[in-house]
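Peer 1: here is the input, now give the coordinates:
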Amino acid sequence: MNTRPLLPQGAELVHPPTRKKVYISLLLAFSFTLLPWMEQIRWLVPDFTLMALLYWNIRSPRIASLSAAFSLGLLTDVARGVVFGLNALAYCIATFIVLLLQRRLEGFDVPRQSLQLSPILIGKEMLVLALGLAMGRGDADWRWLAAGIVAALLWPLFAWLVDRLTSQAPATRQTPL
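Peer 2: Numbering: from 1, shown residues only. Below you'll find the predicted structure:
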């Protein structure tokens, strides 16, 4: 039986994530989210900021916390011109759920993490859409839910890329007890 040790071992111990790496990757993901995407495909573009935030919630929960989620959510609200606090609330809820499930999620390999995270990524889009409609934002389009599905499908590639860019050891699958 292969069980995960209680303390970091090997590459995880040699190269722990630093605050600088985490914050730079979060800011890079935020700037990638804000690129001027073509209007025809903009509703398919996943929320890279949330994906990076969830990645670090799984890999380094002490560095990427609820305060980072709230701050990035407010920045996203300002940048996208939506109801102030809408993305901040959605990011905080998604972060809270992932932090609750963090030990479970880190035990899965990346494709299984994608399956576990898909309801959270789609739920974030549903929450933003529903709250936007409730707060009088009448131009909401249900096609935006596709961004959550695209984010779940891109999770393995995204996690692999962030692993390589930040010199992290890739997540490995653990066998359950």
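
Peer 1: in this structure, which helix is the longest?
Peer 2: When the chain is parsed with DSSP state H, its longest helix is helix 110-134.

Peer 1: for that one, which positions count as buried?
Peer 2: By 16 or more other C-beta atoms under 10 Å, the buried positions in helix 110-134 come out as 110, 113-114, 116-118, 120-125, 127-129, 131-132. In short, each C-beta sits where N, CA and C put it, glycine included.

Peer 1: got the CA coordinates for the following helix or strand past that helix in CSV?
Peer 2: Using DSSP states H and E, the helix or strand that follows helix 110-134 in sequence is helix 146-165. Output in CSV follows, covering the C-alpha atoms of helix 146-165 (Å, rounded to 0.1, in the frame of the first residue of the first chain):
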residue,chain,number,x,y,z
ALA,A,146,-19.3,27.0,-20.8
ALA,A,147,-16.3,28.8,-19.3
GLY,A,148,-16.5,26.5,-16.2
ILE,A,149,-16.6,23.4,-18.4
VAL,A,150,-13.6,24.7,-20.4
ALA,A,151,-11.8,25.4,-17.2
ALA,A,152,-12.4,21.9,-15.9
LEU,A,153,-11.2,20.4,-19.3
LEU,A,154,-8.1,22.6,-19.2
TRP,A,155,-7.2,21.8,-15.6
PRO,A,156,-4.7,19.0,-16.4
LEU,A,157,-2.8,21.2,-18.9
PHE,A,158,-3.0,24.2,-16.6
ALA,A,159,-1.7,22.3,-13.6
TRP,A,160,1.1,20.8,-15.7
LEU,A,161,2.1,24.2,-16.9
VAL,A,162,2.1,25.8,-13.5
ASP,A,163,4.1,22.8,-12.1
ARG,A,164,6.8,23.4,-14.8
LEU,A,165,6.9,27.2,-14.5
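
Peer 1: all good on my end, thank you.
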